[in-house]
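Student: Structure, please.
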Amino acid sequence: MRKNLFIVLAVLIGLVISMTACILGEDIDTLKIMASNAVNIADIQGVAAPAAGVKPARTITETDQYSGTVEWFPEIPTSGTFAASTQYMANITLKPKEGYVLKGVKANFFNVAGTSKARNSANSGVITVTFPLLTPTDRIEYYWVDQHDSLVTSSGGITSITTGSKLTITPQLPQGEGYAVKKWYVNGVDTGQSGSTYTFSITAIGKHTVDLFLEKNSKLYNTSITITVKDNLLTANTWADGNITSSTDEQWFKFDAISNSNHYIYASFGTLSASNGLNVFIYNSNNLSSPITSLRLYSGSGTSFSQSALIGQTYYIKVTPYSSGSSYTGTYQITFNTSGNRPLPSNSATATTLTANIWADGNITASTGEQWFKFYATTSSSQYIHASFGNLSSSYGIYVQVYNSSGGTVDLSYTNLNGSNASTYMYSVTSGALYYIKVTPYNSSYTGTYQIAFNTSSTPPVNSGSDSGSNSNENTLTANTWADGNITSSTRFQLFEFTATASKQYIHINFVTLDSLIVQIGDSDFNEIGSEEYLYSYGKEYYFSRSLIKGHTYYIYTRSNYYGTYKIAFNTSSTPPKTSDSGGGSGSSSNGSEANPFPLSNSTWNSGSITSTSSSSAVWYSFSVTSGYTYNLWWNDSDAGNSTKTLDIKVDAAYSNGTSIFTWEDSAYNNPKTFIATQTGTVKLKVSPYCSRATGTFAIVYSTNNIRPY
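Tutor: Residues are numbered from 1 along each chain as shown. Below is the predicted model of the structure:
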């Protein structure tokens, strides 16, 4: 009876459930799920993030609610491990345990350690997990070199190329071995390359990151650099800088055609040899493999060529060295236009304006390497360019090149101005036209100060430097008075001013250490009067005359290709002025005896004479010396002198204790008799006739300076 009752109750409960399901619109299975627990453990354990050389998990760590399997992409063999430089994705499939269901699980509910990218659909236990690209265990510091073994930059650094160019780079590990190149990435994208070098050739303007992943002992390392791609777009008539660094180097430029006519390409050379020049190739923008045309640009055949173009069309210019070797590398500039007139170099904008017959200062430094000047021609025939040297070596000097205002060179070849050839000239300039002068050193090792000027004469203008003779009192001559002259390595010419005292004036030159001199007379406007006088002779006096206007001011311009001292004077006679330096009478005049020698003064001539015909006739002089010092003696006599003395003499020298220094010295006017004192005290000089019983006049002097006193 009780058993039948339970059966009836079960039937009634089933009917109620069925009726409720119909009323609620649900089926029996749903009600059963509602009677179970939904999965609520979000963190999935047991799936470690990929690491190079580690075996992947195939199942998850079970929980009270579910178990699961893991499938990897890219696929990993059963016994395989994670590979370096690879991005992995995992599909995790959960299997709920009894009493738990996935119905009711929200979208993207689950978490997987090592990634924030775990995705699942609502009411689903299939989870897609994307892990980040395998990151290196550590960064490694490389320095990067290009295909020429030249340093590009170090790890993390920035370098640049121009659009169209390529850069082959190789990372060089400073220390350590055993690193294997795994993969190259550019801008986060796998290039598919794994070689030890990589050639970067992206043309897109901007910054690009190049990453290299390496592996050692199952650990991954990373190094990277940033390459900036520049758009080397040329602007008409504006010079762009270039630099060829090796015999295999190349550089790229581009320009947009500005007319449907010929476009002219120009090159200007810096440290790259103009005589060797460059190879230049022109490409249409839609075909960078086959040039439209090519030409060598160099000083020998001109530095420009033309190419017809279509307005708006982009053209590329590839520049390569003419040949292999270090002499074919260096800096240059490039530009274009449609006029056919060569643009002036960019540095010409800073040109200093010259005024005729006025010197301008210049200074070549290691940083500039060149200077520019400009002038307006004052003649329609020849215009002269002059140089004077300060601390810049006059032995090597400077190079000058002249451009007209439209950019074309008057003379394509550089002209070297130096101490031996400090002037040059241009033929057939246009009076009033503007010209530019480019000045460069003999080579990069020679820097320093100099001066430059222009005029219509082969005679340079008045020098404004310290050795110039620029109208100062010390360079103003007084009639019948000798003045000092000195041609130095820094200034190869001098100027002296005088006022004519008669209608005919004599110019006298007395050579000291200098052995040749070129002399020119000019009026107050620097107009030449007569031709240049070329005087040669060491230790002799010369003169020449000019017809002048009494009371007018004149200039004496002197120059030489050699260094040394001289004397200069003017008067109204062919007889030179009397001077103390020659011992001709204006110095002191005394004769001493052996017991009481006449004391000489340093650098002061003493005139003497021997009047007795006795065979023992002699006069004596003395001066004080200090051991270790050098002393110089000169004497002016009839054998060697300035022709003002009548007696040929010989000289003996000894210390006061009788120790001989020298004996029977005949001549010492052109070259001094020199000795180094071996003791401190008094030196006595015995002067006697070279020929016994002869009489006449002479002069003698000593000095601690090696230049003969005057």
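Student: Do you know the pLDDT at Ser348?
Tutor: Looking at Ser348, its pLDDT reads 78.
Student: now do the one 4 residues further on
Tutor: In the predicted model, Thr352 carries a pLDDT score of 90.
Student: how much space between it and Ser394?
Tutor: According to CB to CB, to the nearest Å, Thr352 and Ser394 sit 21 Å apart. Every C-beta, even on glycine, is put in place using the N, C-alpha and C of the backbone.
Student: which residue packs closest to Asp666, ignoring adjacent ones?
Tutor: Leaving out its chain neighbours, the residue that sits closest to Asp666 by CB to CB, 6 or more residues apart in numbering is Lys650, at 5.6 Å.
Student: What count of nearby residues applies to the one you found?
Tutor: Residues within reach of Lys650, counting by other CB atoms under 10 Å, total 19.
Student: how about it, what does it touch?
Tutor: Under the criterion of CB atoms under 8 Å, 6 or more residues apart in numbering, the neighbours of Lys650 are Trp664, Glu665, Asp666, Val687, Ser688, Pro689, Tyr690.
Student: Just say helix, strand or coil for it.
Tutor: Remark: Lys650 carries the secondary structure label strand [criterion: DSSP: H, G, I helix; E, B strand; the rest coil].
Student: For Val619, state which of the contacts of Lys650 is nearest.
Tutor: Sorting the contacts of Lys650 by how near they are to Val619, with CB to CB, puts Val687 at the top with 5.1 Å.
Student: The contacts of Lys650: which two are farthest apart?
Tutor: Comparing every pair within the contacts of Lys650 by CB to CB identifies Glu665 and Pro689 as the most remote, at 13.7 Å.
Student: of those two, who's got more company?
Tutor: Looking at Glu665 and Pro689 with other CB under 10 Å, you find the greater number of neighbours at Pro689, namely 21 against 16.
Student: Any figure for the gap between that one and Ala618?
Tutor: Distance check for Pro689 against Ala618: by CB to CB, it reads 8 Å.
Student: hey, what's in contact with both of the two?
Tutor: Ile610.
Student: Got the phi and psi for Glu75?
Tutor: For Glu75, the backbone dihedrals (degrees, to the nearest 10) come out as phi -60, psi 140.
Student: Comparing Thr352 and Ser394, which residue is more hemmed in?
Tutor: Taking neighbours as other CB under 10 Å, Thr352 and Ser394 compare with Ser394 leading, 24 against 14.
Student: Validate this expectation: the more buried one resides in a helix.
Tutor: No. Under three-state DSSP, Ser394 sits outside any helix and is assigned coil.
Student: from what I can see it touches Asn421, true?
Tutor: No. With contacts defined as CB atoms under 8 Å, Ser394 does not count as touching Asn421, sitting 10.4 Å away.
Student: before we move on, the earlier item: which residues does the residue nearest to Asp666 bridge with?
Tutor: According to DSSP bridges, the residues that bridge with Lys650 are Ser688.
Student: Now for Val126, how many residues are close by?
Tutor: Neighbours of Val126 under the rule other CB under 10 Å: 13.
Student: tell me which element the closest residue to it other than its chain neighbours falls in.
Tutor: Nearest-residue entry for Val126: Thr93, 5.5 Å, with adjacent residues in sequence omitted and distances by CB to CB, 6+ apart. When secondary structure is defined by DSSP states H and E, Thr93 falls within strand 89-96.
Student: Tyr554 is in contact with Asp523, correct?
Tutor: Yes. Because the distance of 6.0 Å satisfies CB under 8 Å, Asp523 is recorded as touching Tyr554.
Student: Those two: who's more crowded?
Tutor: Per other CB under 10 Å, whichever of Asp523 and Tyr554 has more neighbours is Tyr554, with 21 against 14.
Student: Any regions of the stretch 101-250 of the chain where pLDDT drops low?
Tutor: Segments of the stretch 101-250 of the chain classed as low confidence (criterion: pLDDT under 70) are 116, 133-158, 164, 173-177.
Student: Domain ranges for this protein, per the record?
Tutor: Using automatic domain parsing, the domain parsing of the chain gives 2-32, 36-135, 138-230, 240-337, 346-455, 485-576, 582-703.
Student: Could you point out which of those domains sits nearest Tyr710?
Tutor: Sorting the domains of the chain by CB to CB, the top spot, which is the nearest, belongs to domain 485-576 at 5.9 Å.
Student: pLDDT on the closest one, on average?
Tutor: Confidence over domain 485-576 (mean pLDDT, whole number) is 84.
Student: thinking Leu297 is in contact with Asn276, fair?
Tutor: No. Leu297 is not in contact with Asn276 according to CB under 8 Å; the separation is 10.3 Å.
Student: between those two, who's got more neighbours?
Tutor: For Leu297 against Asn276, the residue with the higher neighbour count under other CB under 10 Å is Leu297, and the figures read 23 against 19.
Student: Find the nearest non-adjacent residue to that one, please.
Tutor: Counting by CB to CB, 6+ apart, Ala267 is the residue found nearest to Leu297 once chain neighbours are left out, at 4.2 Å.
Student: Could you say which helix or strand holds the one you found?
Tutor: Using DSSP H and E, Ala267 falls within strand 262-269.
Student: Give the next helix or strand downstream of that strand.
Tutor: Past strand 262-269, further along toward the C-terminus, the next helix or strand under DSSP H and E is strand 278-284.
Student: And that next one, how far out from the chain middle?
Tutor: Mean C-alpha position of strand 278-284 versus that of the full chain (CA atoms, centre = their mean, to the nearest Å) differs by 27 Å.
Student: Against which helices or strands is that strand packed?
Tutor: Contacts of strand 278-284 with other secondary structure elements, assessed using 3 or more CB pairs under 8 Å, 6 or more residues apart in numbering; DSSP states H and E, are made with strand 262-269, strand 293-297, strand 314-321.
Student: That strand to strand 262-269, inter-axis angle?
Tutor: Angular relation of strand 278-284 and strand 262-269 on a 0 to 180 degree scale: 150 degrees, by axes from the mean of the first three to the mean of the last three CA atoms, to 10 degrees.
Student: Quick check: buried residues in strand 278-284?
Tutor: Residues of strand 278-284 classed as buried by neighbour count (16 or more other CB atoms under 10 Å): Leu278, Asn279, Val280, Phe281, Ile282, Tyr283.
Student: Now render those as TSV, adding distance to Thr611 and pLDDT.
Tutor: As requested, the buried residues of strand 278-284 are arranged in TSV below (distance: CB to CB, whole Å; pLDDT from 0 to 100):
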residue	distance to Thr611	pLDDT
Leu278	84	90
Asn279	88	91
Val280	89	92
Phe281	94	91
Ile282	95	89
Tyr283	99	87
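Student: from these, which is closest to Gln401?
Tutor: Compare each of the buried residues of strand 278-284 with Gln401 using CB to CB and the shortest gap goes to Leu278, at 18.4 Å.
Student: The closest one and Lys318 touch, don't they?
Tutor: No. Under the criterion of CB under 8 Å, Leu278 makes no contact with Lys318, lying 10.2 Å away.
Student: low pLDDT regions in the stretch 551-700 of the chain?
Tutor: 579-590.
Student: Break down it into its helices, ranges please.
Tutor: Listed from the start of the chain, the stretch 551-700 of the chain has no helices (DSSP state H, counting those that start in this stretch) to report.
Student: Thanks a lot, catch you later.
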